[in-house]
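In: Sequence plus the predicted model coming up.
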Amino acid sequence: MQLLKFLSYLFISSFILVSCSDDDDTTPINNNASQVANLRPLGSSANDLLSAASFNSLSIEIVSVQGFEPTAAAISGFREFLQERLFKPDGITITQRTVTSSNNAPFNIEEVAEIENDTRSLFNLEDDIAVYVYFADGGKEDDTDEQVTLGSAYLNTSMVIYESTLRRLSTRPNAPSLSTIETATLNHEFAHLLGLVNIGTPLQSEHEDTDTDGEGNGHCNVPSCLMEAAIEFGSGMMGMGETIPELDAQCIADLQANGGR
């Protein structure tokens with residue numbers, strides 16, 4: 001779809017809010033015929049990821065800059081989220097490896113796509129669908145002192161997590177742990193790959209957040225849903241900051257109607 005305008009940010013006040021970056025469609029760099037299926041618009045592989053109709057298994061390739069790897073707890077929570085929502089009878093495989101820094105931080109999404117072109121090694125193969133996740137050693141180029149981007153889903157099987165930003169935020173007073181922020185960000189961005197909200201997985205009810213012009217922004221309008229544009233972990237002042245937001249019933253219904261659990 002057209003470049004999505006729904007920049008999402010993490011705001012710091014007396015509580016922690018989290019959501020995603022602009023979940024950009026970006027122009028594919030690598031046009032190798034065998035890789036075209038992984039270079040399609042955001043949300044276009046939602047059913048392929050959710051169901052076993054075309055792909056019985058899922059391979060997730062996590063490529064991290066050295067020193068910016070995700071925590072083991074975040075990977076465990078991410079796997080649980082996937083197993084709860086996807087039909088993959090032959091299993092879900094998550095592989096991890098590290099690469100050297102590109103030294104290009106802060107990043108725009110085109111630069112992230114270039115890094116993917118240089119470092120991605122897994123693509124769809126037979127009945128296995130592949131997803132690429134890059135853990136970056138910098139933030140997004142339009143971050144400000146008040147608003148920062150945590151991650152972005154930008155193609156049908158591609159997403160980036162701005163790990164250095166997550167680590168910096170996790171050190172703030174009363175902030176959730178790093179693993180909590182990582183898990184929430186991974187789950188939120190992958191849910192965009194699954195087509196939420198209304199970007200590849202059709203709505204079963206009216207729960208899409210819209211702007212003043214009535215246009216959807218790819219997020220949910222149900223309070224406390226994982227897919228809210230700004231998601232509250234819970235008040236750090238009250239010691240409730242480790243609760244990872246979950247999908248609300250309407251988002252789950254959308255996924256189930258498109259082949260998911």
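Out: Alright, I've got the coordinates.

In: all helices for the chain, in order.
Out: Applying DSSP state H to the chain gives helices spanning 46-50, 72-85, 109-119, 163-170, 178-193, 249-257.

In: most tightly surrounded among the ones you listed?
Out: helix 178-193 (a mean of 25; mean count of other Cβ atoms under 10 Å). Where C-beta positions appear, they are placed from N, C-alpha and C, glycine not excepted.

In: Please find the angle between the direction vectors of it and helix 163-170.
Out: Note on geometry: by axes from the mean of the first three to the mean of the last three Cα atoms, to 10 degrees, helix 178-193 and helix 163-170 are set 130 degrees apart in direction.

In: Now the terminal residues of stretch 119-132, how far apart.
Out: In stretch 119-132, first residue to last residue: 10 Å (Cα to Cα, to the nearest Å).

In: average pLDDT for it?
Out: Averaged across stretch 119-132, the pLDDT comes to 97.

In: buried set for that stretch?
Out: Residues of stretch 119-132 classed as buried by neighbour count (16 or more other Cβ atoms under 10 Å): 119-120, 122-124, 128-132.

In: Next: stretch 43-59.
Out: 43-51, 55-59.

In: Now do the strands in the protein.
Out: Taking DSSP state E as the test, the strands found in the chain are 16-18, 57-65, 92-99, 128-135, 151-155, 158-161, 208-210, 216-220, 231-234.

In: Adding distance to Glu242, write those out as TSV.
Out: Compiled in TSV, those are given as follows (distance: least, Cβ to Cβ, whole Å):
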stretch	distance to Glu242
strand 16-18	10
strand 57-65	23
strand 92-99	23
strand 128-135	21
strand 151-155	19
strand 158-161	19
strand 208-210	25
strand 216-220	22
strand 231-234	7
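
In: Point out the most buried one among those strands.
Out: Mean neighbours per residue, mean count of other Cβ under 10 Å, is largest over the strands of the chain for strand 151-155, with a mean of 28.

In: Describe which strands that one pairs with in its sheet and in which direction.
Out: When pairing is defined by DSSP bridges, strand 151-155 lines up against strand 158-161 (antiparallel).

In: Could I have the CA atoms of the strand it pairs with written out in PDB?
Out: Once non-C-alpha atoms are left out, strand 158-161 reads as follows in PDB (Å, rounded to 0.1, in the frame of the first residue of the first chain):
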ATOM      1  CA  SER A 158      10.700  -7.500   6.900                       C
ATOM      2  CA  MET A 159      11.000  -5.500  10.100                       C
ATOM      3  CA  VAL A 160      13.500  -3.500  12.100                       C
ATOM      4  CA  ILE A 161      13.900  -3.000  15.900                       C
END
